[in-house]
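Visitor: quick check, what structure comes out for this input:
(2 chains)
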Amino acid sequence: MSMAPLISRRVSRRTLIRSTASLAALAGIPMAGWAQGMGAARKGSGELSGEDISLSIGDSHFATGGRQGHAIAVNGSIPGPLIRLREGQDVRLHVTNNLAEDSSIHWHGLLLPFQYDGVPGVSFPGIAPGQTFTYQFPIRQSGTYWWHSHSGLQEQSGHYGPIVIEPAHYHGPAHDREYVLLLSEFTPMHPHDIMRKLKVGEHYFNRQMLTATSGEMSGADRRMWGRMRMNPRDILDVSGSEYSYLINGHGPADDLELTFRRGERVRLRVINGSAMTFFNVRIPGAEMLVVAADGQDVDPVAVEEFQIGAAETYDVIVQPADGAHVLVAEAMDRSGMGVATLTSQPGARAPVPDLREPVTLTMADMGMGAMAGGSMAGMDHGEGSMDHSMRDLSLLPDSVATGPGVDMVAPMSADRMDYPGLGLDAVSHRVLRYTDLRAASANPMRAPERTLQIHLTGNMERYMWSFDGQQFTAVTDDPIRFGFDERVRVTLVNDTMMAHPIHLHGHFFELVNGADATHQPRKHTLIVQPGSKATFDLTANEPGDWAFHCHLLYHMHAGMMQVVTVRPLA
Amino acid sequence: MRYLLALPLLALAAPLAAQDHDHSATSQTAPDQAEPAPAPSDHSEMDHSAMDHSTMDHSTMDHSTMDHSTMDHSTMDHSAMGHDMPPASNSAPPARALEGPLHAADAIWGEAAMRPAREQMAIENGTFRTASLLVERFEARLGSGDAYLWDMQGFIGGDLDRLVIKTEGEGEFGGALDDAEVQALWSHAITPFFDLQMGARLDVEPDTRSHAVLGVQGLAPYMIHLDAAAFLSDRGDVTARIEAEYDQKITQRVILQPRVEVELAAQDIAERDIGAGFTSFAAGLRLRYEIVREFAPYVGVEWSRKLGRTADIARLGGDDPSATAVLVGIRTWF
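Guide: Residues are numbered from 1 along each chain as shown, chains lettered A, B, ... in the order given. The predicted structure is shown next:
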C-alpha cells in the first residue's frame, strides 16, 4: 500500500509550503545520467512549484504486477513531478535530457509563446542528450493540465506528469481536499515494437475478436462486416493484453489508496496521460460533479460515469459516504482497468467490479448515422453495394487526397456530441456527454468568418492514419493556415471506425455542442466518434506554429498530424 | 485452345474486380493545398469589413416569421453563417494567413537548428519502415508418399512500397527436392486492400527456369487473403496461380483456416507433364493454435487433384491424379 501525494486544504498553509519546498529540493536537483541510471522509478509524482523548476529526464526501470521493463522517468518518478503554479506568475522550467536521444516536454493545454510549446521540429529544435533547455513564459490561465514528451514514442515509456494551476480568483464549487489522478499505461514492450506489431501483425493486441460462436451479432451482420473488411471489435488498438493500466503510476496490484475524512468534498483532477487508451471512469455508488473540462470551468454536471479520451482532463467533486469506495478507470474496450481506493478508513477496501462485456461497433460507427439503431442485416443491399457506399470518394471534398491510405468514407456522418462514448450508451446510470458541458464564464460573442472541414482518414489494415488522406510526412510544408484573430468554424469528419481524440496546441476551441454561442465549452482536445463528425469554433489568436494531431500516440506516429500556422507573427 | 491464353489474364482480373470499383482513386492526383480553393461565389463587391457580427444577437431572431422564398441565396456567404451546414468545399484563408515565414520557429531558433528537427519530425510521423518474415506453411505431409513443404514470404519497406520475397517448395523425406522456387517482387499499394506485385521468379527444381511475375496480393471482401499471379517463363510459357485463404477464429487462439489453390497453364509444358488449361486444384483445412501470436502449430488435411489434360498425362504415366495428405506443421512470423 502506498500514499499518493496529497494536498489538503485543512493542512496548515505553513506545513504545505514547507513540505512542498522539501519535495522540490528532493525532486528538483538534476542528477547525472549515470546516477539515476537504471534505478527503479518511484510511483507517483513529487510536487514542484515556484518560478524556477528543474526537471531531469532519464532512463529508468519500472515494475507493476507481473510486468517490468525499461521506462523513462522524470526526476526519478512515474508520473514525473506535479508542477503546481499560480495564475499570473512567471515560470522558468529548466529541463535536462539525460537520455541517449533527443527529448522534449510539451506543456499540454497551456497558453504560451509558440517557441516554448515543446514540439521538436515545430516549436523548437528539441533537447539534445546532455543538454538543458529553459522554457519561460507567464501563466495566463488556471486549471488541470499535464506535460509530456513530444519526441518519438517516449510518452509511452513514462515521460509525463500533471500540471495544476491555482486560479487567481476561484468562483467554482468549494471542496475540502484534492487529488490528481493521472491515468496511463505501462508496457514492458518497446514502443517501436508496439508500432511494428500494429503495422505487421493483424489485430495483434486484440484478444476480444468475434469468434465463430461468441457475441450476439447475427450471421448477416457478420457477413456485412466481413464484406467491408472491417472488424467490429476494433475499439482500441493496444489493449490490456499488453498494458497494465496505471493511476498515478500505480497498477491494480500496487493498491493505490486515497484517503478522505467523513463528509469531505474531494476534488479529483483526472488526467488521461495514456498513449492509446480511452478510459471510462466511475466510483460505483458515488455521484461525481463535473466542474471543469480540459482545465476550463463548466457549469457543474452530476454524473455517475464519464469517458475520458487520451489527453483530456476532467475535474470532478465527489462527497463519498463514509467508508471505502473503489475508483475504476476501465479501458474503453473492457480489456483491463486502473484501480484506486478512496476511503475514509485507511486500509479498508471496497470490492473491485468485474470488467464489463466487450464493446462491439454498430452502424452509427460506420458513418450511417441516419440509419443507426436498426440491424444492418435489415437493410436491403444488393451484393457488393455496401462496399461501394462505404468508400464513395465522391462524398469527399477536393481537399482530401484519396488513395490506398483511405479505406473508408463515412456515408452519412452524423454529429454525435450527445454520444457518451463507445460502450457508455448502453449503461443504465447517468453518463457525461459533450452536450452536458456549458462554459461557466462567457466567451466573447464572435460569429465564424469561415468554415473549414478536415477529414480524419485511415487504413486500419495497413495501419496508416492521416488528415485529409495525407500523412504528415507528405504535408510538412503545407500547413493548415489561419489568419491571426480569425474566427473559424472547424468540422472534423471521421472517415474511420475508430474514435480519435484530436488535440490543437496552444489554443482553446469551443465545442459547437448546442450550448448558447457564448457558453460553448472551451477544450484543447476533442473526441470525434467513429464514422461521425464534430464541430468547434476557433479564434486563432495565438500567433506561431502549432501541432495539431490525434492524441493516440501510434496514430500520430503513423501520420495523423498536421501543423497549424497563425499569421502574421506578433 | 487459343482461348486458354486469356485465362491467366482472367485470373488476374478476378481479384481486381473483387475490389472497390474505385481504381480511379489511384489516378487522382492530390490537390495542392497551398493553392487556395476558389471561393464559391464572388464576394468582391461586398464589404464584409463593415459588418459587425460581434454585435449581432442571433438568439433573439425569430426565424419562423422569415420568408425564405424571397431570399437570394446566390449572394449569401454560407461560410460566414454560424449554422451547422458543412461547406461544399473549404474556402481560402484570409491574405494575412500567408504573411511571414513558412516556419515560425526558424525566426526564433534559426533555420539551421530547426531543419534537422523538422526533417526528423516528418520521418517520425508517417514514415514507418519495417521488415517481416511470415512462414505461412512449414509442414509435413503424410499420405501415400511422406513429404515436406515450405511456403514463406518476407517484406522490407513502408506502407505503400515494399520489396517482397516469396519462396515455396516441396520434397519427399529422404528423397529429392521436387519443387523449389523463389520470387523477388516490387509490391506497390494500388487500393486500400491490394498491392500490385511484379518481379522475377526463379525455379530451382524440378529444373532451373526463370519467370517474369505480375500479380496482386491483398485482402478481398469477406476477409479472404488472396494471392494471384501470372508467370511468363524464359521459354515463353504462360502459367498462373491463385491462392485464397480465410482465418476463422474458433476461440481467440484457435483458428481454422480453409485454403484453396488453383493453377493454370496457357499451353502444354511437356517437360513438366503439364497440359493446357486448369492444371491442378488443392483444398486444405488447417487448425492452428496460437501459443503466442507469432508461433502457432497446426494440424490439417489437404486434398489435391490434377485437372484436365494434366490429369490425363498423370494417368498415362500410371500416377493417381488425386492425393490426400494429413498435415502437421507450424505457422510463425517475426
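Visitor: how about residue 195, phi and psi?
Guide: No chain was given, so I picked chain A. Dihedral pair for A:Met195: phi -60, psi -40, per degrees, to the nearest 10.
Visitor: equivalent analysis for A:Tyr116, please.
Guide: Phi and psi for A:Tyr116, reported as degrees, to the nearest 10, are phi -110, psi 20.
Visitor: gap between it and A:Arg84?
Guide: A:Tyr116 is 19 Å from A:Arg84, where distance means C-beta to C-beta, to the nearest Å. Heads up, the C-betas are built off the backbone N, CA and C, glycines and all.
Visitor: and for A:Tyr463?
Guide: For A:Tyr463, the distance to A:Arg84 equals 39 Å [C-beta to C-beta].
Visitor: out of the two, which sits in the busier spot?
Guide: Per other C-beta atoms under 10 Å in any protein chain shown, whichever of A:Tyr463 and A:Arg84 has more neighbours is A:Tyr463, with 23 against 20.
Visitor: hang on, isn't that one packed against A:Lys197?
Guide: No. Contact status for A:Tyr463 versus A:Lys197: not in contact, 9.6 Å apart, counting by C-beta atoms under 8 Å.
Visitor: spell out which residues of the stretch 201-350 of chain A are next to chain B.
Guide: Within the stretch 201-350 of chain A, the positions adjacent to chain B are A:201, A:204, A:207-213, A:223, A:226-229 by C-beta under 8 Å from any C-beta of the partner chain.
Visitor: enumerate every residue touching the residue of the stretch 1-150 of chain A found nearest chain B.
Guide: In the stretch 1-150 of chain A, no residue comes nearer to chain B than A:Gly121, which is 2.9 Å away by C-beta to the nearest C-beta. Going by C-beta atoms under 8 Å, 6 or more residues apart in numbering or on different chains, A:Gly121 touches B:Met114, B:Ala117, B:Arg118, B:Glu119, B:Gln120, B:Met121, B:Ala122.
Visitor: out of those, the closest to chain A would be?
Guide: B:Met121 (2.9 Å).
Visitor: thought that closest one was touching A:Val122?
Guide: Yes. Here B:Met121 reaches A:Val122: they are 6.7 Å apart, a contact under C-beta under 8 Å.
Visitor: mean confidence for the helix or strand containing B:Leu202?
Guide: Taking DSSP states H and E as the criterion, B:Leu202 maps to strand B:194-205. Strand B:194-205 carries an average pLDDT of 96.
Visitor: of the residues of the stretch 201-350 of chain A next to chain B, buried ones?
Guide: Those of those that meet the buried threshold are A:Gly201, A:Tyr204, A:Arg207, A:Gln208, A:Met209, A:Leu210, A:Arg223, A:Gly226, A:Arg227, A:Met228, A:Arg229, by 16 or more other C-beta atoms under 10 Å in any protein chain shown.
Visitor: before we move on, back to that, so which of B:Met121 and A:Val122 has more stuff around it?
Guide: A:Val122 (30 against 25).
Visitor: check contacts around the more buried one.
Guide: A:Asp545, A:Trp546, A:Ala547, A:Val563, B:Ala105, B:Arg118, B:Met121.
Visitor: correct me, but A:Val318 touches A:Val290?
Guide: No. Between A:Val318 and A:Val290 there is no contact under C-beta under 8 Å: 10.5 Å.
Visitor: surely B:Asp178 touches B:Glu168?
Guide: No. Contact status for B:Asp178 versus B:Glu168: not in contact, 11.4 Å apart, counting by C-beta under 8 Å.
Visitor: would you map the strands across the stretch 201-334 of chain B?
Guide: In the stretch 201-334 of chain B, the segments counted as strands under DSSP state E, counting those that start in this stretch are B:209-220, B:224-233, B:238-245, B:248-249, B:254-265, B:277-289, B:295-306, B:322-333.
Visitor: quick check: neighbours of the first one in the sheet, parallel or antiparallel?
Guide: Paired strands of strand B:209-220, with direction, are strand B:194-205 (antiparallel), strand B:224-233 (antiparallel) (DSSP bridges).
Visitor: got the contact list for residue 311?
Guide: Assuming you mean chain A. Residues near A:Ala311 by C-beta under 8 Å, 6+ apart: A:His108, A:Trp146, A:Asn272, A:Gly273, A:Pro501, A:His503, A:His524, A:Thr525, A:His551.
Visitor: hmm, I had chain B in mind actually
Guide: B:Ala311 makes contacts with B:Arg305, B:Pro321, as judged by C-beta under 8 Å, 6+ apart.
Visitor: again, but for the one 5 residues further on
Guide: Taking C-beta under 8 Å, 6+ apart as the criterion, B:Leu316 is in contact with no other residue.
Visitor: give me the pLDDT for it.
Guide: B:Leu316 is given a pLDDT of 93.
Visitor: ok, the one 5 residues further on next?
Guide: At B:Pro321, the model reports a pLDDT of 92.
Visitor: who touches it in this structure?
Guide: Counting by C-beta under 8 Å, 6+ apart, B:Pro321 touches B:Arg305, B:Lys306, B:Leu307, B:Thr310, B:Ala311, B:Ala314, B:Arg315.
Visitor: let's have the strands of the stretch 201-334 of chain B in CSV, adding mean neighbour count.
Guide: Rendered in CSV, the data for the strands of the stretch 201-334 of chain B read as follows (neighbours: other C-beta atoms under 10 Å in any protein chain shown):
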stretch, mean neighbour count
strand B:209-220, 20
strand B:224-233, 20
strand B:238-245, 20
strand B:248-249, 15
strand B:254-265, 19
strand B:277-289, 18
strand B:295-306, 18
strand B:322-333, 17
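Visitor: redo those as TSV? Include distance to A:Arg42.
Guide: What follows is these, written out as TSV (distance: least, C-beta to C-beta, whole Å):
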stretch	distance to A:Arg42
strand B:209-220	46
strand B:224-233	48
strand B:238-245	50
strand B:248-249	42
strand B:254-265	42
strand B:277-289	41
strand B:295-306	37
strand B:322-333	38
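Visitor: many thanks, we can stop here.
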